[in-house]
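Trainee: After the sequence you'll find the predicted model.
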Amino acid sequence: MTGFEKGSGKTTLLGALRLLARRAGPVALFGIGVDGSLKAGGDGRAAVVRVEEGDVVQTTDLFARASSARLEILDVLPSRTSLGRLLLGRALRAGEVTLVGDESLSALSRSIELVREERWAASVLVDGAASRITQAAALDGVRFLFTVRVDGGNLSRVAERVRALAALATLPVVPEPPEGTLRLEGPLTEEVREGLPRDLAALSLEDLTKSFLPPRLLLRLLETVACSVRRGIALLGVVPSRRDVTEEELREAVGPAAARFLLPSPFEAAA
């Protein structure tokens with residue numbers, strides 16, 4: 001789970017998904033990096049999650065001792081953070097625990113693989129960093145959800161970004177591009193875009209996370225160049241947190257192609 005910005009509803013979505021995922025068995029919960037409010041000595045509420053008996057979390061020794069869930073230590077990880085030594089723990093009773101993640105995505109991937117190999121959980125949920133869709137490419141077999149905060153003042157801007165994300169998510173997956181396709185290695189930036197041949201007909205990206213073009217430029221490029229990706233990463237949906245914007249207004253703003261990715265908001269379900 002990631003989003004355009006902080007406060008877009010990732011943690012609320014995490015809680016809602018945890019309840020659904022529990023139907024299949026214990027859930028493993030991970031974060032990426034150390035929450036900014038914790039670094040700054042704040043209350044860290046954005047990093048606190050509710051767990052049930054049997055759920056697995058990544059946190060530190062300090063927060064494990066402070067958790068009301070009473071954690072059984074499954075593995076002590078080689079990484080350390082400013083908040084203590086990282087570990088994987090299993091909840092012995094329901095309670096709350098603060099998620100603390102590794103700054104290294106490769107280390108996060110190894111921890112998730114360990115959970116899979118040991119069958120400690122039936123599902124893995126990752127509370128990703130805001131505005132960092134690139135993290136999805138570092139995790140094997142990942143499917144991701146995107147959260148957005150939308151109101152009357154930013155509706156047009158958010159709708160354009162959602163259209164661009166949906167367009168990237170629906171690019172055809174062509175592992176071996178045909179002759180005549182420009183195979184791009186590395187990110188697609190504005191500078192790279194300016195250097196592309198004017199008569200370019202087809203472009204192949206490694207995956208959707210390699211596009212760093214502003215939404216408007218990306219959508220303009222897709223109108224004239226047949227783009228594809230060599231590796232697919234599944235977008236499960238976009239979860240909006242709406243304020244002074246109706247569902248119909250948001251769907252109309254993003255257009256029919258992107259509207260099919262819009263999912264119900266956990267805020268509305270809670271209400």
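Mentor: All right, it came through fine.
Trainee: alpha carbons only for contacts and neighbour counts from here, please
Mentor: Fine.
Trainee: so T181 sits right up against P197, yeah?
Mentor: No: T181 is beyond contact range of P197, at 11.6 Å (criterion: C-alpha atoms under 8 Å).
Trainee: So for those two, which sits in the more crowded spot?
Mentor: Neighbours of T181 and P197, each counted by other C-alpha atoms under 10 Å, are more numerous for T181; the result is 16 against 9.
Trainee: Quick check: phi and psi on that one?
Mentor: Dihedral pair for T181: phi -90, psi 130, per degrees, to the nearest 10.
Trainee: residues in contact with it?
Mentor: Contacts for T181 (C-alpha atoms under 8 Å, 6 or more residues apart in numbering) come out as A201, A202, L203, S204.
Trainee: hmm, who's touching stretch 233-244?
Mentor: Counting by C-alpha under 8 Å, 6+ apart, 8-9, 136-137, 141-152, 162, 169, 207-208, 261-265, 267 sit against stretch 233-244.
Trainee: Filter those residues down to just the buried residues.
Mentor: Among the contacts of stretch 233-244, those buried by neighbour count (16 or more other C-alpha atoms under 10 Å) are 8-9, 136-137, 142-151, 162, 169, 207-208, 261-262, 265.
Trainee: Contacts for stretch 144-153, please.
Mentor: Everything outside stretch 144-153 that qualifies as a contact, by C-alpha under 8 Å, 6+ apart, is 1-5, 7-10, 136, 158, 233-245.
Trainee: and if you look at stretch 192-205?
Mentor: 177, 180-186, 188, 211, 224-230.
Trainee: Distance from that stretch to the middle of the chain?
Mentor: 28 Å (C-alpha atoms, centre = their mean, to the nearest Å).
Trainee: Look at that stretch and report the distance between its end residues.
Mentor: 12 Å (C-alpha to C-alpha, to the nearest Å).
Trainee: quick one, helices of the stretch 51-200 of the chain?
Mentor: 61-66, 105-118, 155-169, 190-195 (DSSP state H, counting those that start in this stretch).
Trainee: what's the closest of these to R23?
Mentor: Taking C-alpha to C-alpha, helix 105-118 is the member of those nearest to R23, at 17.5 Å.
Trainee: And the closest one, what does it pack against?
Mentor: Using 3 or more C-alpha pairs under 8 Å, 6 or more residues apart in numbering; DSSP states H and E as the contact test, no helix or strand touches helix 105-118.
Trainee: buried sites along the one helix or strand T11 maps to?
Mentor: T11 is part of helix 10-21 when elements are defined by DSSP states H and E. Buried positions in helix 10-21, judged by neighbour count with 16+ other C-alpha under 10 Å: K10, T11, T12, L13, L14, G15, A16, R18, A21.
Trainee: distance between it and the chain's centre?
Mentor: 13 Å.
Trainee: contacts for that helix?
Mentor: Contacts for helix 10-21 (C-alpha under 8 Å, 6+ apart): 1-3, 27, 46-47, 49-50, 123, 125, 127, 147, 265-267.
Trainee: let's see 7 Å
Mentor: M1, T2, V27, A46, V49, S123, D127, T147, P266 (C-alpha atoms under 7 Å, 6 or more residues apart in numbering).
Trainee: Just those residues: which are in strands?
Mentor: If you go by DSSP state E, these have T2, V27, V49, S123, D127, T147 in strands.
Trainee: now for those, which pair is the farthest apart?
Mentor: V27 and T147 (20.6 Å).
Trainee: Next, count neighbours for the closest residue to S109 other than its chain neighbours.
Mentor: Of all residues not flanking S109 in the chain, L139 sits nearest, at 5.6 Å (C-alpha to C-alpha, 6 or more residues apart in numbering). Per other C-alpha under 10 Å, the neighbour tally for L139 reads 17.
Trainee: ok, of the contacts of T181, which one's closest to G89?
Mentor: Nearest to G89 among the contacts of T181, with distances taken as C-alpha to C-alpha, is S204, at 41.6 Å.
Trainee: Just say helix, strand or coil for the closest one.
Mentor: strand (DSSP: H, G, I helix; E, B strand; the rest coil).
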